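In: Build the 3D model from these lines:
(4 chains)
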2 protein chains.
Amino acid sequence: MHDDVSMARSMTVQDGFGAAATHETFPLPPGRTHDICLELHSAILEHRLAPGMKLSEDEVGEIYGASRTVVRAALQALAHSGLVTIARNRGAFVSRPSIREAQEVFEARALIEPRIARLAAEVMKAADLKKLKKHLDAEHAALDSGDMGKALSLSGAFHIAIADIADQQVLSQMVRSLISRSSLIIALYWRRADTTCESHAHHALMKAFSEKDGPGAEEIQKSHIIDLHSGLDLREKKEPSSSLADALKPA
Amino acid sequence: MHDDVSMARSMTVQDGFGAAATHETFPLPPGRTHDICLELHSAILEHRLAPGMKLSEDEVGEIYGASRTVVRAALQALAHSGLVTIARNRGAFVSRPSIREAQEVFEARALIEPRIARLAAEVMKAADLKKLKKHLDAEHAALDSGDMGKALSLSGAFHIAIADIADQQVLSQMVRSLISRSSLIIALYWRRADTTCESHAHHALMKAFSEKDGPGAEEIQKSHIIDLHSGLDLREKKEPSSSLADALKPA
DNA sequence: GCAAATCCGATCGTATACAATTTTTCATCA
DNA sequence: TGATGAAAAATTGTATACGATCGGATTTGC
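Out: I've put the predicted structure just below:
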């Protein structure tokens, strides 16, 4: 009886949960905090904010016309996505992934994304293919117009779109986070001049998708991630001047 | 400290980034917010807080002697880990993972954890084995004393310890999140009476680890996760009393 | 007696104020 | 001139206050 009551209440409470958040970027209810998150998020992904840049609460608040309270919440949310690093009493900064972290992020992508590609291929519908095609077109347009930041951001969006089609919310969330971090990593360590190979891989994926070739898509995606990884310069370089003596002793 | 000043400044900005957060539970600097996060975290993992339970900001604040500001931040942090669900203008609740989400969480674990087990086996050291052994002992102790919540929590800690040994921070972070959610899922959907099989799998893992048998550990871990998954009752059941008529219409 | 509209209490969202800490500035001295 | 240290400025950490919104109890009308 007592159980009945508590049960009935928890049921009421349960309402609205369950499969509540379908592919949301942040587990926050809509509101100003969420808006600012999205704003900063795309700014970072498009490389308009460089890694290491200070994100002062007052400054951000003034820009978006919000008080520190909401800005603070937004920064903490971004910290959970790994895009922002918060140091106590010092504030928030755009994250600077270490070489080590860069390795790990791409290894994780190489583990997760191929699986997602296979799942996506298996459930791919005509409408989905169309959506992906649109992504590719937008990416090309940005590339042609020379807006590299936008192009990179859209390239990431392509990967996320695949995850959404696979309809795996848990993995999709992980991929989102990994791709966001990849953007920072690319900002720091990208060495390759030609970004065209990117599009090539994406087109190959499209082909596999249109043929509902799960294993094929999986394989292509795996190669693609490895290729991206190899496009990074992740050699340990000592700090620009970890010691003055080192810096001025070139041989 | 006699390093040149300009360098010191640029270092200051970078310092604390990079490989900053080594296996941290939350990407927040130490402080009351972090403490409350940990407190609520273990309370949920030990099933002292049931899924669906309301976490009022005022109430939690009073319990831990903190103002709503820090409690709010803690709840939002937990929301990012998926342990708490926040509904706008309604507040925070311990999450109630849907059946769908439960499936996905264990599928994700089956993808990620075996890989981690293999990596861990390959780098396993004597000291690491000892640590794992301690985890097992603690788990047994809790089990014997009948504290199921604690036992379950320690069982999860075992998996996390493996991830830490593998020394893959990115994957480790994901595993942490997945295991936390698994705890909620088990609270909701566990059907099996015997939790002993758990320990059996863990012992089998220990054996593989001690032999540095990477592929073996990978395979055992995969079976283990699948076994856990199969221990859940994830059949769709209609609302306990969506209509009074249904509830009172016996058989 | 029951349904619907309304009112009230509780809780959250946001802004602001103050305290604590860090960073910068600048005067002083070797 | 460069190092040293203290004081000032700026920034974050936390608490509190007020307005907004939601859920439930009461009232009203039929």
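In: tell me how far the helix or strand hosting residue A:178 is from the chain's mean position?
Out: Here residue A:178 sits within helix A:169-189, counting by DSSP states H and E. Distance of helix A:169-189 from the chain centroid (Cα atoms, centre = their mean, to the nearest Å) equals 3 Å.
In: which parts of that helix are buried?
Out: Using 16 or more other Cβ atoms under 10 Å in any protein chain shown as the test for burial, helix A:169-189 gives A:169-188. The way it works is simple: take the backbone N, C-alpha and C, and place the C-beta from them, glycine included.
In: swap in stretch A:216-232?
Out: Buried, per 16+ other Cβ under 10 Å, within stretch A:216-232: A:216-222, A:224-225, A:228-229, A:231-232.
In: and the helix or strand just after the helix holding residue A:178, average pLDDT?
Out: Once the chain leaves helix A:169-189, the next helix or strand it forms, by DSSP H and E, is helix A:196-210. The pLDDT scores in helix A:196-210 average 87.
In: Also stretch A:114-130?
Out: Per-residue scores along stretch A:114-130 average to 97.
In: Now intersect the buried residues of stretch A:216-232 with the helices, please.
Out: Assigned to helices by DSSP state H, the following of the buried residues of stretch A:216-232 qualify: A:216, A:217, A:218, A:219, A:220, A:221, A:222, A:224, A:225, A:228, A:229.
In: Nearest to residue A:66 among these?
Out: The closest of those to residue A:66 turns out to be residue A:228 (Cβ to Cβ; 35.6 Å).
In: OK, contacts around the closest one?
Out: Counting by Cβ atoms under 8 Å, 6 or more residues apart in numbering or on different chains, residue A:228 touches A:106, A:109, A:182, A:198.
In: Excluding chain neighbours, what is closest to the first one?
Out: Once its chain neighbours are removed from consideration, residue A:106 has its nearest residue in residue A:229; the separation is 4.0 Å (Cβ to Cβ, 6 or more residues apart in numbering or on different chains).
In: Tell me if I'm right that that neighbour and residue A:105 touch.
Out: No: using Cβ atoms under 8 Å, residue A:229 makes no contact with residue A:105, being 9.1 Å away.
In: Quick check: residue A:164 vs residue A:116, distance?
Out: Distance, residue A:164 to residue A:116, by Cβ to Cβ, to the nearest Å: 10 Å.
In: Low-confidence stretches in the stretch 51-200 of chain A?
Out: Residue ranges of the stretch 51-200 of chain A with pLDDT under 70: A:194-197.
In: near DNA strand D, which residues of it show up?
Out: A:54-59, A:68-69, A:72, A:86, A:88-92 (Cβ under 7 Å from any atom of the strand).
In: Neighbour-wise, which one of those leads?
Out: residue A:92 (24 neighbours; other Cβ atoms under 10 Å in any protein chain shown).
In: Break chain A into its domains for me.
Out: A:28-94, A:99-230 (automatic domain parsing).
In: Save those as a markdown table, and put in distance to DNA strand C too.
Out: Formatted as a markdown table, the domains of chain A follow (distance: least, Cβ to the nearest atom of the strand, whole Å):
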| stretch | distance to DNA strand C |
| --- | --- |
| domain A:28-94 | 3 |
| domain A:99-230 | 21 |
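In: dump the residue contacts of the residue nearest to residue A:170 when sequence neighbours are not counted.
Out: Among residues not flanking residue A:170 along the chain, residue B:104 sits closest, at 3.9 Å (Cβ to Cβ, 6+ apart). Going by Cβ under 8 Å, 6+ apart, residue B:104 touches A:168, A:169, A:170, A:171.
In: can you put those residues in JSON lines and add distance to residue A:100?
Out: JSON lines is the format used below for the contacts of residue B:104 (distance: Cβ to Cβ, whole Å):
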{"residue": "A:168", "distance to residue A:100": "28"}
{"residue": "A:169", "distance to residue A:100": "29"}
{"residue": "A:170", "distance to residue A:100": "25"}
{"residue": "A:171", "distance to residue A:100": "23"}
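In: Let me know the closest of those residues to residue B:141.
Out: For these, the nearest to residue B:141 is residue A:170 (32.4 Å; Cβ to Cβ).
In: what's the distance between that closest one and DNA strand D?
Out: 27 Å (Cβ to the nearest atom of the strand, to the nearest Å).
In: contacting residues for that residue?
Out: Neighbours of residue A:170 in contact, by Cβ under 8 Å, 6+ apart: B:101, B:104, B:105, B:107, B:108, B:178.
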